[in-house]
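In: this one's sequence-less:
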């Protein structure tokens, strides 16, 4: 549930992040130093300035995006992988309560393997397609709006993935436990 709430907060902060990030990139071009930008950003006055310039997502922002140009299979895969990521550690720990005492450590240690597989799947299926879309936009082969739509849809898919994780939490823990019974 915390993952879902955190993702919702992240969604609300996306427009503000875009503003802050573009200003940070402009500053980076001037200073050439990421640590100095981070130190400057953490000053009280800059934190107040960032808070004042916070922008909520608008309905108009969402309606103007080109969603049809983003592969639906990419989003579905992202939802599934996020679901696994969301519950990987907790399902492994919960599965430890479902197995005999001498197998509990092994069951709980499987969390690393689960999240490792999820990382590999993300790297194989989601990241390359996202990079291709971004690269095509940079080369002018597709509009920059496709990248914005991709970001919004991937974050929406992440939200759905965290919700899916809540649904598959107990079944996943049982599957993990079945390997150690």
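Out: Thanks, I have it. What you see is a predicted model, and the numbers here were worked out from it, not measured in a lab.
In: you'd agree residue 71 is up against residue 129?
Out: Yes. Contact criterion Cβ atoms under 8 Å: residue 71 and residue 129 qualify, at 6.4 Å. For the C-beta atoms, the positions are set from N, CA and C on the backbone; glycine is no exception.
In: tell me, what residue is most central in this protein?
Out: residue 158 (5.6 Å; Cα atoms, centre = their mean).
In: with adjacent residues omitted, what lies nearest to it?
Out: Closest residue to residue 158 apart from its sequence neighbours, by Cβ to Cβ, 6 or more residues apart in numbering: residue 82 at 5.0 Å.
In: give me the element the one you found is part of.
Out: helix 72-96 (DSSP states H and E).
In: by contact count, what packs against that helix?
Out: Applying 3 or more Cβ pairs under 8 Å, 6 or more residues apart in numbering; DSSP states H and E, one finds that helix 72-96 makes contact with helix 104-121, helix 144-180.
In: can you tell which of the ones you listed is closest to residue 65?
Out: helix 144-180 (4.0 Å; Cβ to Cβ).
In: now the angle between helix 72-96 and that closest one, please.
Out: 30 degrees (axes from the mean of the first three to the mean of the last three Cα atoms, to 10 degrees).
In: report the mean confidence score over helix 144-180.
Out: Mean pLDDT, taken over the full extent of helix 144-180, equals 93.
In: what is that helix packed up against?
Out: Counting contacts by 3+ Cβ pairs under 8 Å, 6+ apart, helix 144-180 packs against helix 2-31, helix 72-96, helix 104-121, helix 127-138.
In: could I get these as CSV with mean pLDDT and distance to residue 41?
Out: Below are the helices and strands packed on helix 144-180 laid out as CSV (pLDDT from 0 to 100; distance: least, Cβ to Cβ, whole Å):
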stretch, mean pLDDT, distance to residue 41
helix 2-31, 85, 7
helix 72-96, 95, 28
helix 104-121, 92, 29
helix 127-138, 93, 24
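In: compare those and give me the one nearest residue 54.
Out: Among those, helix 2-31 sits nearest to residue 54 (Cβ to Cβ), with 4.6 Å.
In: how about the contacts made by residue 55?
Out: Counting by Cβ atoms under 8 Å, 6 or more residues apart in numbering, residue 55 touches 15-16, 19.
In: any of those buried? List them.
Out: With burial judged by 16 or more other Cβ atoms under 10 Å, the buried subset of the contacts of residue 55 is 15-16.
In: ok, the contacts of residue 55 vs residue 48, which is closest?
Out: For those, the nearest to residue 48 is residue 16 (13.6 Å; Cβ to Cβ).
In: if I read this right, that closest one contacts residue 54, doesn't it?
Out: Yes. Counting by Cβ under 8 Å, residue 54 is a contact partner of residue 16 at 4.6 Å.
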